[in-house]
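Novice: Sequence plus the predicted model coming up.
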Amino acid sequence: MGESTATNSKKIAAGISAAAGAFLIVFLFCIRPYDKPTFAEVESNETAFLIPLFSDNGTTTENQIKVDSEKYYQEHMVQDKLFQIPHKWIKTGRWVRSGHYVDTVKVIKVSRTPISGVWEPDTNASIKLETKESSGFQIPMAYNIKITAEDCAKYLYNYSPSKKLQEVIDTNINKWIVGQMNERFHALSYMEVSENKDKIINDVVSEAKVYFKERGITIESLTAYDGIYWDDKAIEESISKLVNAQATQRAKDEELKVTLKQKEIDLAKAEAKAAVELVEARKERDKANLKSSTMNVLKQQQEIENSRILAEAQAAAIKIAAEKGTSVPGGQATTFVINSDSLQSLGLGDLMKR
């Protein structure tokens with residue numbers, strides 16, 4: 001009896017195990033796996049875009065999505081810093097579990113962190129240039145470049161979303177700068193490079209800022225440093241000697257300018273002194289002329305006064321003579337000649353004093 005019970009228990013347990021195994025097999029092949037949620041996080045220095053990988057009918061793949069405008073990216077820009085990525089089940093076989101989950105959107109992040117660096121000589125990114133004699137030289141340059149928040153969509157439209165800014169700097173921007181500078185330097189001889197270098201670089205950098213801004217890249221600074229590196233050291237030595245000679249000549253020219261300027265100052269002082277002396281001499285002359293003129297006027301006034309006095313004296317003498325009844329024969333009036341004696345005799349001696 002006990003053996004029969006044990007046997008039945010084993011059969012029951014075996015049946016249960018078989019049923020559980022069959023259920024597990026059915027469960028594994030007839031139910032999809034759990035869709036584990038995934039999230040994307042956007043850093044504070046990043047701008048994110050969610051690009052749909054499937055059309056509304058669910059049949060369009062990523063390669064068939066048409067991204068053909070800056071506006072498209074702007075419409076798919078997201079402001080959230082953490083969001084869930086939706087999934088879609090892709091069936092790959094007959095069984096329910098035959099398949100896998102895929103993202104229905106693609107997350108594209110654009111870093112807005114400025115990138116600083118240098119294009120050093122004798123590197124893959126060096127600025128290699130030539131003169132019209134095909135004399136090669138290099139110009140080291142330092143840069144600071146970034147993508148602003150408002151230009152992220154523009155950047156994605158003009159460059160591949162998978163292409164980082166550093167790659168664009170070392171390829172697109174670098175090659176554009178080299179091309180523009182070579183157009184200008186190739187028209188010059190090696191002796192003309194130094195004197196035209198600054199202007200050419202400034203012009204090209206100004207044009208580059210406008211050109212790449214239109215493509216979503218802001219060039220904050222792009223400057224040359226550490227002079228010119230000539231491939232032929234003999235040219236470098238020749239130019240160095242010329243530069244030194246020119247510097248010496250400039251120093252002499254400046255010294256000559258100072259000497260000439262001092263002479264001009266001394267001459268101006270002498271002329272100013274002569275002008276002052278001339279003015280003073282003219283003042284003295286004018287004073288002398290005024291004094292002489294005044295003396296002449298006084299002399300003339302004295303002569304007039306003397307004539308008046310004499311006339312008064314003669315008139316008085318005539319009057320006195322007439323009052324005394326003095327006359328000449330024939331009824332003619334006697335003409336008197338008035339002199340000092342006559343005046344004394346007539347009692348008019350005071351007139352002579354006057």
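Specialist: Received the coordinates, thanks. Residues are numbered from 1 along each chain as shown.
Novice: the helices in this structure, which residues?
Specialist: 2-30, 70-75, 152-158, 165-168, 174-185, 193-213, 233-323, 340-345, 349-353 (DSSP state H).
Novice: for the last one, what is the average pLDDT?
Specialist: By that I understand helix 349-353. Average pLDDT, helix 349-353: 56.
Novice: What of the second one?
Specialist: Mean pLDDT, computed over helix 70-75, is 92.
Novice: quick one on the thing from earlier: taking the helices of the chain together, which one is wrapped up most tightly?
Specialist: Mean neighbour count (mean count of other Cβ atoms under 10 Å) peaks for helix 152-158 among those, with a mean of 21. Quick note: C-beta positions are derived from backbone N, CA and C, even for glycine.
Novice: Run through who's touching that helix.
Specialist: By Cβ atoms under 8 Å, 6 or more residues apart in numbering, the surrounding residues in contact with helix 152-158 are 47, 49, 67, 69-74, 77, 108, 110, 112, 147, 165, 214-217.
Novice: And for stretch 107-118?
Specialist: Defining contact as Cβ under 8 Å, 6+ apart, one finds that stretch 107-118 is touched by 40, 42-43, 45-51, 85, 140-149, 152, 155-156, 161, 164-166, 169, 220, 225.
Novice: Show me what counts as buried in stretch 111-121.
Specialist: 111-112, 114, 119-121 (16 or more other Cβ atoms under 10 Å).
Novice: quick one: the strands in the stretch 51-200 of the chain?
Specialist: Secondary structure of the stretch 51-200 of the chain by DSSP state E, counting those that start in this stretch: the strands cover 77-78, 82-85, 87-91, 99-103, 105-111, 115-119, 128-130, 136-138, 141-146.
Novice: Save those as a markdown table, and put in distance to Ile309 too.
Specialist: A markdown table is the format used below for these (distance: least, Cβ to Cβ, whole Å):
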| stretch | distance to Ile309 |
| --- | --- |
| strand 77-78 | 121 |
| strand 82-85 | 129 |
| strand 87-91 | 142 |
| strand 99-103 | 138 |
| strand 105-111 | 120 |
| strand 115-119 | 111 |
| strand 128-130 | 109 |
| strand 136-138 | 109 |
| strand 141-146 | 107 |
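Novice: So for Lys209, which of those strands sits nearest?
Specialist: Between Lys209 and the strands of the stretch 51-200 of the chain, the tightest spacing by Cβ to Cβ is seen for strand 141-146, at 10.0 Å.
Novice: May I have the closest one as PDB, with CA atoms only?
Specialist: In PDB, the C-alpha atoms belonging to strand 141-146 read as follows (Å, rounded to 0.1, in the frame of the first residue of the first chain):
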ATOM      1  CA  MET A 141      47.500  79.700 -36.300                       C
ATOM      2  CA  ALA A 142      45.500  79.500 -33.100                       C
ATOM      3  CA  TYR A 143      41.700  79.300 -33.100                       C
ATOM      4  CA  ASN A 144      38.600  79.400 -30.800                       C
ATOM      5  CA  ILE A 145      35.500  78.200 -32.500                       C
ATOM      6  CA  LYS A 146      32.000  77.200 -31.300                       C
END
